[in-house]
Each structure stands twice: as structure tokens, then as C-alpha cells.
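# please find the sequence and the predicted model below.
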Amino acid sequence: MKYLILLAHGSRDQTWSQAFELMTTTLRERHANTLLAFMELSEPSFDDVVATAVEKGASQIDVLPLFLAKGRHLNHDIPQMCKHNTELHAINVNLLPPIGEDPRLAQVVIDIAEQALDEAS
């Protein structure tokens, strides 16, 4: 079975992760093979979540970065984490493009901004 890991950055602020947890809970209602991981500063860690997916029988893992754009983490750190877990678990850990590259997200931002501008008028 293919698993999807939603990967967020992480924060020391415990309330920061609530939006990601809610998103994951909502998605899991339709897709139980969805998990949430954090790159750093929050739990569960990416490595722990990959291990959980493997224990649950994952045959492939896709990683969806909840990042707006590619920077050092997406160009270097996260690909290395995926490679490490691919080798460790002998399973394909495939890094997807960040959500910020999807034009649908840009349209949502435009819609929200336009609504805010309209309400300010």
C-alpha cells in the first residue's frame, strides 16, 4: 500500500502544529494511509513516521512538503532524509513538489487577499 506523509517544518511552539494536525485528521477520514511528520523541532519526526508507515506495510511512501517554496530544506535536507530512509528501509520514499508550486494554492491566496481588500474598502 502507498502511504502519504504530509511533511511540515516544525516549531517549538506547541500550538503551531494544530493546523497541520487538523488537516491530517480530516484527510485521514478518507485516506487512512496518510500520516503527518515534522522535519525538526516538533514530533513526530520524519524518520519515526517513515518507520511507522513501513511497520504498517507501506510498499511506497510519497512525501508532500507543506512548504510554500523550495529553499535549503527542500533542495538539500529533505532529499537527504528521503534517501536515508529509502536505503534504511529498502522502500521508495518519493519527494513530491511542495504545495506552494501548485497553482491552486496561489489562487486560494489571491482569493483570500482579494476578499481582504474588498472588505477593507
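Good, I have the coordinates. Residues are numbered from 1 along each chain as shown.
# what are the buried residues along stretch 78-90?
Of the residues in stretch 78-90, 78, 81-82, 85, 89 count as buried by neighbour count, 16 or more other C-beta atoms under 10 Å. (Glycine included, C-beta is placed from N, CA and C.)
# stretch 44-61: which residues count as buried?
Buried, per 16+ other C-beta under 10 Å, within stretch 44-61: 45-46, 49-51, 53-54, 58, 61.
# how far off centre is it?
Offset of stretch 44-61 from its chain centre (C-alpha atoms, centre = their mean, to the nearest Å): 13 Å.
# stretch 64-78 now?
Relative to the mean C-alpha coordinate of its chain, stretch 64-78 is positioned 10 Å out (C-alpha atoms, centre = their mean).
# from start to finish, how long is it in a straight line?
Start-to-end span of stretch 64-78 (C-alpha to C-alpha, to the nearest Å) is 11 Å.
# neighbouring contacts of it?
4-9, 20, 39, 46, 63, 95-101, 105 (C-beta atoms under 8 Å, 6 or more residues apart in numbering).
# redo that, cut-off 7 Å
The contact list for stretch 64-78, computed with C-beta atoms under 7 Å, 6 or more residues apart in numbering, reads 4, 6-8, 20, 39, 95-96, 98-100.
# quick one: the residue nearest to residue 28 when sequence neighbours are not counted and residue 116, what's the gap?
In this structure, residue 28 finds its nearest non-sequential neighbour in residue 34, 5.1 Å apart by C-beta to C-beta, 6 or more residues apart in numbering. Distance, residue 34 to residue 116, by C-beta to C-beta, to the nearest Å: 31 Å.
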